[in-house]
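Undergrad: sequence first, then the predicted structure, then my questions.
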Amino acid sequence: MIVTLTPNPSVDHAMVIGSLARGEVLRASESRLDAGGKGVNVSRALAANGAATLAVVPLGGHQGHLLADLLGTTGVTHRPVTLAGSTRMNVSVLEPDGTTTKLNEPGPTLSASENTTMIQTTLDAAEGADWLAVCGSLPPGATPDIYAALRAGAGARGVRFVVDSSGASFAVAVETRPTLIKPNHEELAELVGHALPTLRDVRDAARELVSSGIEIVAVSLGADGAALFTADEAAHAHASVSAPVSTVGAGDCMLAGLLHGLTSGLSIGEALVSGVAWGSAAVALPGSSVPTPADVRTVAPVLSAELPLSMELGH
Ligand SMILES: Nc1ncnc2c1ncn2[C@@H]1O[C@H](COP(=O)(O)OP(=O)(O)OP(=O)(O)O)[C@@H](O)[C@H]1O
Ligand SMILES: O=P(O)(O)OC[C@@]1(O)O[C@H](CO)[C@@H](O)[C@@H]1O
């Protein structure tokens, strides 16, 4: 069982336009609403592939009701935390060449008691789970010390702890020494404070974090695939997608595929391949759609025989 907490979930509104132009009225050719937020997406991907998952989701206002309705169509079992404030709506603008521009609202301001309820609801839900994954940004009012409380609670329950976030709160979360973190290329560079132009630089940065006490550092690398590092192992995998449609949620699907692989007894390399398969399959889908097993079968991820350390990243 993989339990997710999305401290700041969203209704994701995706629109397809011809090309983004500032100051213009742009008419969308397609539009869709999805249940969103990084942890929600992880649970959606797991549920779509038949894996046991439970999503803890703070919800408030009319958009919170809308998010609950959208969640109801995904097959994800979710446990709500009722908020006074309103759940946010995030907008994705998709262009035909696959370029995705996101406009993310800050989200509701949580009170101290709502923070406490969110933490306790999450730890209750995590009883007996294999993993607790806390994914995405923190809403106003949610202080980064929730990570220490969740890390301690997960540890006391024998539950492995995953964090996928960004910015200052991610740096605080990393200090709690999660079992696994999943930064993307830019987020890893931000964590270590310098650019990481090649896979060798990514490896060295990841090893720094592993040696500080994080068991698994998985780094998603966009079109360059993903890499995974532990104290004893390192792996890289990649899959080509001929026509990328939307990258929204690709990292969440990659994390979901990785965790599913790890809970299914796969090796580190096989679990990484599973993550890349789910992440790359997601990129071929609209909005923040998550891949089904049939979608996953359309991609052919390759595990690199050895780390392509000289690979230049982010082109
Ligand atoms: N253009 C692409 N072609 C093939 N695979 C891709 C592409 N972009 C992303 N992927 C796949 O999706 C995974 C996650 O992508 P990325 O590194 O962009 O994550 P992310 O920035 O966390 O995404 P998000 O935050 O939007 O969920 C990659 O590891 C890769 O497997
Ligand atoms: O504001 P955050 O929490 O960093 O990111 C939120 C978000 O952009 O992440 C998901 C894609 O990964 C979307 O479903 C959602 O809109």
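TA: Now that the structure is in, tell me what you want to look at. Ligands and ions are numbered 1, 2, ... in the order given.

Undergrad: check which residues of stretch 57-67 are buried.
TA: Judged by neighbour count (16 or more other Cβ atoms under 10 Å), stretch 57-67 contains these buried residues: V57, P58, L59, G60, Q63, G64, L66, L67. For the C-beta atoms, the positions are set from N, CA and C on the backbone; glycine is no exception.

Undergrad: find the pair from those residues with maximum spatial separation.
TA: By the measure Cβ to Cβ, P58 and L66 form the most distant pair in the buried residues of stretch 57-67, at 14.3 Å.

Undergrad: and the residue lying closest to G314 once chain neighbours are set aside, what does it touch?
TA: The shortest distance from G314 to any non-neighbouring residue, by Cβ to Cβ, 6 or more residues apart in numbering, is to H185 (5.8 Å). The contact partners of H185, by Cβ atoms under 8 Å, 6 or more residues apart in numbering, come to L196, V202, V219, S220, L221, G222, D224, L313, G314.

Undergrad: can you show me the CA trace of the helix or strand L71 falls within as CSV?
TA: Element membership for L71 (DSSP states H and E) is helix 61-72. Provided in CSV are the C-alpha atoms of helix 61-72 (Å, rounded to 0.1, in the frame of the first residue of the first chain):
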residue,chain,number,x,y,z
GLY,A,61,-14.8,25.4,-0.7
HIS,A,62,-16.6,24.8,-4.0
GLN,A,63,-13.4,23.8,-5.8
GLY,A,64,-12.8,21.3,-3.0
HIS,A,65,-16.2,19.7,-3.8
LEU,A,66,-15.3,19.8,-7.5
LEU,A,67,-11.9,18.1,-6.7
ALA,A,68,-13.7,15.4,-4.6
ASP,A,69,-16.1,14.8,-7.6
LEU,A,70,-13.2,14.5,-10.0
LEU,A,71,-11.4,12.1,-7.6
GLY,A,72,-14.6,10.0,-7.5
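
Undergrad: just checking: what are the partner strands of the helix or strand that comes right after it?
TA: Using DSSP H and E, the helix or strand that follows helix 61-72 in sequence is strand 77-82. Applying DSSP bridges to the sheet, strand 77-82 is found paired with strand 53-59 (parallel).

Undergrad: so W278 makes contact with P293?
TA: No - counting by Cβ atoms under 8 Å, W278 does not reach P293; the two are 9.9 Å apart.

Undergrad: which one of those two is surrounded by more residues?
TA: A count of neighbours by other Cβ atoms under 10 Å puts W278 above the other of W278 and P293, at 32 against 11.

Undergrad: leaving out the residues flanking it, which one is nearest to the more buried one?
TA: Beyond its immediate neighbours in the sequence, the residue positioned closest to W278 (Cβ to Cβ, 6+ apart) is G257, lying 3.0 Å away.

Undergrad: okay, and the beta partners of A35?
TA: Beta-bridge partners, per DSSP bridges, of A35: V11.

Undergrad: state the distance from it to D12.
TA: A35 sits 7 Å away from D12, going by Cβ to Cβ, to the nearest Å.

Undergrad: which residues of the stretch 51-200 of the chain lie near ligand 2?
TA: N90, K102, N104, G136, S137, S166 (Cβ under 6 Å from any ligand atom).

Undergrad: go again using 8 Å as the cut-off
TA: Residues of the stretch 51-200 of the chain found near ligand 2 (Cβ under 8 Å from any ligand atom) are N90, S92, K102, N104, G107, C135, G136, S137, S165, S166.

Undergrad: mind listing what the second one touches?
TA: When you say that, I think you mean S92. Here S92 is in contact with D12, H13, A14, M15, T100, T101, K102, L103, S246, V248, G287, S288 (Cβ under 8 Å, 6+ apart).

Undergrad: the second one and ligand 2, how far apart?
TA: Using Cβ to the nearest ligand atom, to the nearest Å, one gets 9 Å for the distance from H13 to ligand 2.

Undergrad: neighbours around that residue, how many?
TA: By the criterion of other Cβ under 10 Å, H13 has 18 neighbours.

Undergrad: and the residue of the protein nearest ligand 1?
TA: Closest residue of the chain to ligand 1, Cβ to the nearest ligand atom: G251 (2.0 Å).

Undergrad: look at that residue and report its pLDDT.
TA: Looking at G251, its pLDDT is 98.

Undergrad: quick one, phi psi at it?
TA: Dihedral pair for G251: phi -70, psi -30, per degrees, to the nearest 10.

Undergrad: how much space between it and V302?
TA: From G251 to V302 the distance is 19 Å (Cβ to Cβ).

Undergrad: specify the beta-bridge partners of the closest residue to A68 other than its chain neighbours.
TA: Using Cβ to Cβ, 6+ apart and skipping the chain neighbours, the partner closest in space to A68 is L59 (5.8 Å). According to DSSP bridges, the residues that bridge with L59 are T82.

Undergrad: who's in contact with L59?
TA: So L59 contacts P9, H65, L67, A68, P80, V81, T82, L83, T87 (Cβ under 8 Å, 6+ apart).

Undergrad: go again using 6 Å as the cut-off
TA: Neighbour list for L59: L67, A68, P80, T87 [criterion: Cβ atoms under 6 Å, 6 or more residues apart in numbering].
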